[in-house]
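> Fold the following and give me the result.
(one chain, ligands or ions: 2)
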Amino acid sequence: MENGAAKPVIVAIDGPSGTGKSSTSKAVAAQLGLSYLDTGAQYRAITWWMVANGIDIEDPTAIAAVAGKPEIVSGTEPGNPTITVDGTDVSGPIRTQEVTSKVSAVSAVPDVRARITELQRTLATSAEAGIVVEGRDIGTTVLPDADLKIFLTASPEARAARRSGELKGADVNATRDALVKRDAADSSRKTSPLAKADDAVEVDTTELTLQQVIECVVTLVEEKRAGK
Ligand SMILES: Nc1ncnc2c1ncn2[C@@H]1O[C@H](COP(=O)(O)OP(=O)(O)O)[C@@H](O)[C@H]1O
Ligand SMILES: Nc1ccn([C@@H]2O[C@H](COP(=O)(O)OP(=O)(O)O)[C@@H](O)[C@H]2O)c(=O)n1
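Residues are numbered from 1 along each chain as shown. Ligands and ions are numbered 1, 2, ... in the order given. Alright, predicted model coming up:
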C-alpha cells in the first residue's frame, strides 16, 4: 500500500431479487472508486454452462461432479462489469428466463458454492482500494469480516414492478410469483442460504428512490472509513 493510502474497504450488500443490489452496488463502487462484484452473475454463469452442456439440473450429484470444470472470470470495474465462461462473454445469455428459473437449483449444490465462494474471496482480497460485493450470503459466509454489511429489502409488489419494468411487458403477477418462489428456494437451502447477517444494516427500499438508497449506502461507507 502507498503512503497515506486508505485501508481497502470491503462492503457486503445482500438481499432478495429486485431490492436494488446491483444498481446500488455499481453506483456506490463507481462513486467511491471501489471495485464491484456481482456474485449472482457468477451463479448464473455456472448455471448457463450446466444447461449448455446438458447437465441434468435436477441431479445435484451430476452438478457436483462437473462443478470444477468451467472457468468463470468476473471483471470488477463498476462501469463495465464483465463475465466470461471459458473465455466466452456470457453477460447476455445468463439473463434468460431459462437460466433464471434454474439458478436456485444449481446454486444450492455445496460443491458449486465452495468453488464460487473461493473465487469471490480471491477477488475481494485482491481489490486494491476495496470492493462492493453483492449477493445473498456475502455478509454471512463469504466475507463475514466485511467492514460494512447492508441487507436490502422491498415488498414483493415493488420488486415485481421493478423487474417487470425491465422485462418490458412481462406480467407483474407472474413475475411476482417467480420472485417469491426463487426467494423461498434461496432462503431454505442448507448451504449458506439467503440471510441477513446479525451485524448488517437493514434498508427497506420499498418507498425509496434508487438515488436515496445510493446516498444512504455511500454515507454509511464514509462513516465507517472516518471511524477507522
Ligand atoms: N429504490 C428503487 N426504486 C425504484 N427502482 C429501483 C430501485 N432500486 C432499483 N430499482 C430498479 O429495479 C430494477 C432491479 O434492480 P437491481 O439493482 O437489478 O436489483 P437486484 O440486484 O437486487 O436484483 C432495476 O431496473 C433498477 O433500476
Ligand atoms: N451470493 C449469491 C448470489 C446469488 N445466488 C444465486 O444466484 C441467483 C441469481 O442471483 P442474482 O443476484 O443474479 O439475481 P437477481 O437479484 O438479479 O434476480 C439467486 O437467485 C441465487 O440462487 C446465490 O446463491 N448466492
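> drop to CA atoms for contacts and neighbour counts, all remaining ones
OK.
> any chance you could map the helices in the chain?
Assigned helices in the chain, in chain order: 21-32, 39-52, 60-66, 97-107, 110-126, 156-166, 172-188, 210-226 (criterion: DSSP state H).
> Pipe those helices into a markdown table and attach mean neighbour count and distance to ligand 1 per row.
Below are those laid out as a markdown table (neighbours: other C-alpha atoms under 10 Å; distance: least, C-alpha to the nearest ligand atom, whole Å):
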| stretch | mean neighbour count | distance to ligand 1 |
| --- | --- | --- |
| helix 21-32 | 21 | 4 |
| helix 39-52 | 22 | 8 |
| helix 60-66 | 15 | 25 |
| helix 97-107 | 19 | 11 |
| helix 110-126 | 17 | 17 |
| helix 156-166 | 18 | 4 |
| helix 172-188 | 17 | 10 |
| helix 210-226 | 15 | 4 |
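> quick one, what contacts the residue nearest the centre of the chain?
Central residue of the chain (C-alpha atoms, centre = their mean): G135, 2.7 Å from the mean position. Contacts for G135 were tallied using C-alpha atoms under 8 Å, 6 or more residues apart in numbering; they are 12-15, 21, 38-40.
> Swap in 6 Å and give it another go.
By C-alpha atoms under 6 Å, 6 or more residues apart in numbering, the residues touching G135 are 14, 39-40.
> Closest one of those to ligand 2?
Nearest to ligand 2 among those, counting by C-alpha to the nearest ligand atom, is G40 at 3.5 Å.
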